[in-house]
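Visitor: whatever this is, show me its structure:
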Amino acid sequence: MTRTVVPLLLAALFQPVTAPTKPIWLDQPLAGWNNPGRPVPRAPQPKESLKAVIARCSLTPPKGGPAEALASSGWIVFDYFGQPIVRDDVAIVGGLSGADGMCRPTGYNVFVFVSGKYAGTLSPVAMTSREDGSSGEIRISPLEITAEFSRYTPADPLCCPSSRAIVRFRIDRTAPSAAVVPVAIERSVNQ
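Guide: Below is the predicted model of the structure:
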């Protein structure tokens, strides 16, 4: 009996211990961060000039409408996952302040415009691709916006977060300017 128990105890003692992940906004109770009538937030200070990122990554930022508001606040505008996300009077666009060596967005956020006016972001903080809390698929329905966010543990490879958080938002149109309001969060484990 001791011959079996000792190896199991030794194995348990020498198992790698993964450090807990640092809590982020998705670990807290949801609180609104978008207020009606606020201007587009300034982009984070880039490590590389925006012109250099645009040239290195062969970007062609969209023009007009929401793109102008984002560009004037220091963001490089991009169509989220390469295509416009629009439904009725709601438009969702990405804005980045940098890109990694493979031209994945760093220091980015996802912006919502309602009737051409800024209504808020889908994250209260700038995100970086392949890091905990980075955004994924976004859907618009007549009543809500749904966004997925990656949840990584220290043991997860960069390609494959072990879980995700799905946040539902509604558009509050009660003030003269609309605002995006987070209403629910659901956590799920990837299969």
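Visitor: so what's residue 61 up against?
Guide: Contacts for residue 61 (Cβ atoms under 8 Å, 6 or more residues apart in numbering) come out as 54, 67, 71, 76, 77, 78. For the C-beta atoms, the positions are set from N, CA and C on the backbone; glycine is no exception.
Visitor: among these, name the buried ones.
Guide: Using 16 or more other Cβ atoms under 10 Å as the burial test, the contacts of residue 61 include 67, 71, 76, 77, 78 as buried.
Visitor: with adjacent residues omitted, what lies nearest to the last one?
Guide: Think residue 78. Distances taken as Cβ to Cβ, 6 or more residues apart in numbering place residue 94 nearest to residue 78, at 4.6 Å, with adjacent residues excluded.
Visitor: tell me which of the buried ones among the contacts of residue 61 fall in strands.
Guide: Here DSSP state E is the test, and those give 76, 77, 78 as lying in strands.
Visitor: show me where this structure dips below the pLDDT cut-off.
Guide: Residues of the chain meeting the criterion pLDDT under 70: 1-21, 189-191.
Visitor: ok so, going back, chain center to whichever strand or helix holds the residue nearest to residue 78, what's the gap?
Guide: In this structure, residue 94 sits in strand 90-96 according to DSSP states H and E. Distance, stretch centre to chain centre, for strand 90-96: 11 Å (Cα atoms, centre = their mean, to the nearest Å).
Visitor: what bridges to the residue most central in space within the chain?
Guide: A centroid search over the chain (Cα atoms, centre = their mean) returns residue 135, at 3.1 Å, as the residue closest to the centre. For residue 135, the beta-bridge partners are residue 149 (DSSP bridges).
Visitor: show the contacting residues for it.
Guide: 110, 122, 123, 127, 147, 148, 149, 150.
Visitor: the fourth one bridge partners, please.
Guide: Translated: residue 127. residue 108.
Visitor: and the gap between it and residue 26?
Guide: The gap separating residue 127 from residue 26 is 11 Å, by Cβ to Cβ, to the nearest Å.
Visitor: isn't residue 76 right up against residue 93?
Guide: No: Residue 76 is beyond contact range of residue 93, at 10.9 Å (criterion: Cβ atoms under 8 Å).
Visitor: three-state assignment of residue 158?
Guide: Assigned by DSSP: H, G, I helix; E, B strand; the rest coil, the conformation of residue 158 is coil.
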